[in-house]
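**Q** Kindly return the folded structure for what I paste below:
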Amino acid sequence: MNGMSVDVKAHLGKLPPFWNRNVLFFANLLSLFFGNALQTRTLKTEVGRIESYGGRLAPIMNVLFKGENNLLVLDRKPDEDLVSYFGQGLGLSLPEVVVLPFDRYITFPTRVEAGVDGLPADFRAITEHPAEWVDGFVTDECIVEIARCLGKTTLSELEGSRRGNNKFILHEFLISDGLPSFDTEIAKAPEDLDACVASIRSQGYSKAVIKSQVGASGVGMVKIDTDCKPESIPDYFFYEGPCLVQGWLQVGEGGVRRLYSPSVQMFIHDDAVYLYDVTEQILSDDSVHQGNHAPPPYLDQCPYVSQSLLDQSRRVGSWLHQQEYRGTASIDFVVVGRSDTFEIFVCEINARITGATYPSILARHFVPGGSWIMRNLALASPMRGKRILEEIGQAGYLYTHGKAQGILPINFNLDENGLVDKGQYLFIAENSGGCAEMMDEIEEALPIHWSHDRD
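**A** Numbering: from 1, shown residues only. Reported below is the predicted structural model:
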């Protein structure tokens with residue numbers, strides 16, 4: 001399949017023309033794995049506070065959906081002081097919010113089908129909302145059923161969302177389209193893993209990575225030494241079918257001198273694909289996402305890399321459009337430097353709002369063409385969101401509408417007492433040096449102790 005049938009436009013550092021629509025948006029983070037209950041349970045355990053990650057949607061919803069009569073359905077109520085800051089400090093239009101925990105969200109279609117008489121207030125707020133479109137992090141069967149029973153339309157097709165987030169299907173496309181791909185073996189069942197890892201070892205790799213077809217935030221991915229027998233891999237890895245076993249590229253092995261992890265931010269519209277930002281992912285040693293930096297500082301010195309990222313993104317973005325996926329997405333790459341040459345590999349597509357979507361939209365909305373860094377920061381001692389905002393403000397770093405730089409808290413993850421124990425913070429400046437300086441200075445300026453954490 002050659003995917004150049006749709007117009008692909010690159011305007012880096014500038015927001016694309018987002019949806020001129022109203023939406024019911026369900027923050028269905030616990031649907032990311034399309035019904036894989038064991039993998040979902042692992043996500044909740046490893047990431048923590050996942051029910052409060054949906055709050056990141058509040059500041060971007062009316063930027064992404066310009067109809068501005070939008071309803072955001074969250075698992076948990078966001079921090080009130082942070083929401084007030086979005087409206088008063090940033091001047092953002094905000095969506096209406098309804099709190100509907102996931103265990104109630106999945107019963108919604110059945111309850112509505114049974115009849116609207118006697119529905120609780122949170123359900124009625126949804127059934128009575130006039131928006132014509134329904135969307136979520138992913139379009140799963142529940143989202144499709146909600147749209148059907150409300151007489152509304154989903155932005156993406158169910159299969160488009162599933163295929164767009166599937167690493168195995170993407171790998172098949174890369175091979176068929178002649179794009180670079182990692183050295184890969186296919187494990188159809190757990191008993192195939194030993195042979196797959198042995199094959200990767202024979203190709204000169206000391207480490208391999210086993211990937212389930214669908215994953216997020218490091219869940220569904222395991223890095224192993226190729227000279228050891230693979231430990232037991234959870235059954236959920238094979239929920240969608242065969243797994244990928246790929247050679248792990250690392251500096252000092254196979255002539256690799258440099259490794260970069262850029263990510264191209266996309267918007268898939270009905271009749272066009274927009275490439276609007278390039279970020280460098282900040283990853284842990286196990287390649288788990290911890291933040292992003294845009295634009296990547298090395299691109300100015302590597303014009304070939306920049307051009308190749310865009311060329312491959314055009315082909316992959318066009319393919320994603322053909323899958324009937326619509327909305328924001330990202331293509332994650334691995335750039336491998338060997339001597340004076342570079343190889344650029346597509347690593348995965350995330351066909352959804354991702355951890356880089358929020359900071360990119362906000363940074364490009366307020367300071368087009370500037371630089372930004374987003375970090376997940378875990379607090380040593382939980383505290384009120386109001387105090388965090390006050391401390392950043394009193395130190396002179398809190399970003400407000402019209403400023404050239406500052407720190408913009410995107411979201412607070414709340415513990416059972418409503419205290420912030422982790423959050424996502426956006427550092428905005430006109431250049432990367434300004435962002436880095438703020439990050440260094442804030443450690444000294446604030447009486448708040450935090451550490452970098454996973455997304």
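
**Q** how about Arg163, secondary structure?
**A** Assigned by DSSP: H, G, I helix; E, B strand; the rest coil, the conformation of Arg163 is helix.

**Q** and the residue nearest to it when sequence neighbours are not counted, what is it in contact with?
**A** Taking Cβ to Cβ, 6 or more residues apart in numbering as the measure, Arg163 lies nearest to Gln323, with 4.6 Å between them; neighbours along the chain are not counted. For every residue, glycine as well, the C-beta is placed using N, CA and C. Gln323 makes contacts with Glu159, Gly160, Arg163, Gly164, Ala351, as judged by Cβ atoms under 8 Å, 6 or more residues apart in numbering.

**Q** what's the neighbour count on the first one?
**A** For Glu159, the count of nearby residues is 12 (other Cβ atoms under 10 Å).

**Q** Also Leu408?
**A** Applying the criterion other Cβ under 10 Å, we find 28 residues in the vicinity of Leu408.

**Q** What does the pLDDT read for it?
**A** Reading off the confidence values, Leu408 has pLDDT 97.

**Q** Then Thr42?
**A** Per-residue pLDDT puts Thr42 at 94.

**Q** all strands of the stretch 351-455 of the chain, in order?
**A** Taking DSSP state E, counting those that start in this stretch as the criterion, the stretch 351-455 of the chain carries its strands at 371-383, 406-414, 420-429, 450-452.

**Q** Among the ones you listed, which comes closest to Leu299?
**A** Within the strands of the stretch 351-455 of the chain, the stretch nearest Leu299 is strand 371-383; the backing value is 11.9 Å (Cβ to Cβ).

**Q** What residues sit buried inside the closest one?
**A** By neighbour count with 16 or more other Cβ atoms under 10 Å, strand 371-383 contains the buried residues Ser371, Trp372, Ile373, Met374, Arg375, Asn376, Leu377, Ala378, Leu379, Pro382.

**Q** re the thing from before, please tell me how far the residue nearest to Arg163 sits from Leu170.
**A** 10 Å (Cβ to Cβ, to the nearest Å).

**Q** Leu446 now?
**A** Plainly put, Leu446 is 41 Å away from Leu170 if you go by Cβ to Cβ.

**Q** just Asn69 next, same as before
**A** Computed with Cβ to Cβ, the distance linking Asn69 and Leu170 is 35 Å.

**Q** Who has more neighbours out of the two?
**A** Neighbours per residue (other Cβ under 10 Å) separate Asn69 from Leu170, with Leu170 holding more: 26 against 14.

**Q** Shouldn't that one be within a strand?
**A** No. Under the criterion used here (three-state DSSP), Leu170 is helix, not part of a strand.

**Q** Show the model's pLDDT score for the spatially closest residue to it that is not a sequence neighbour.
**A** Leaving aside its sequence neighbours, Leu170 sits nearest to Ile349 (Cβ to Cβ, 6+ apart; 5.6 Å). In this model, Ile349 is scored at 98, pLDDT.

**Q** Does Asp183 touch Gln246 like I think?
**A** Yes. Counting by Cβ atoms under 8 Å, Gln246 is a contact partner of Asp183 at 6.5 Å.

**Q** shared neighbours of those two, anything?
**A** Counting by Cβ under 8 Å, 6+ apart, the residues touching both Asp183 and Gln246 are Ile200.

**Q** Good, wrapping up.
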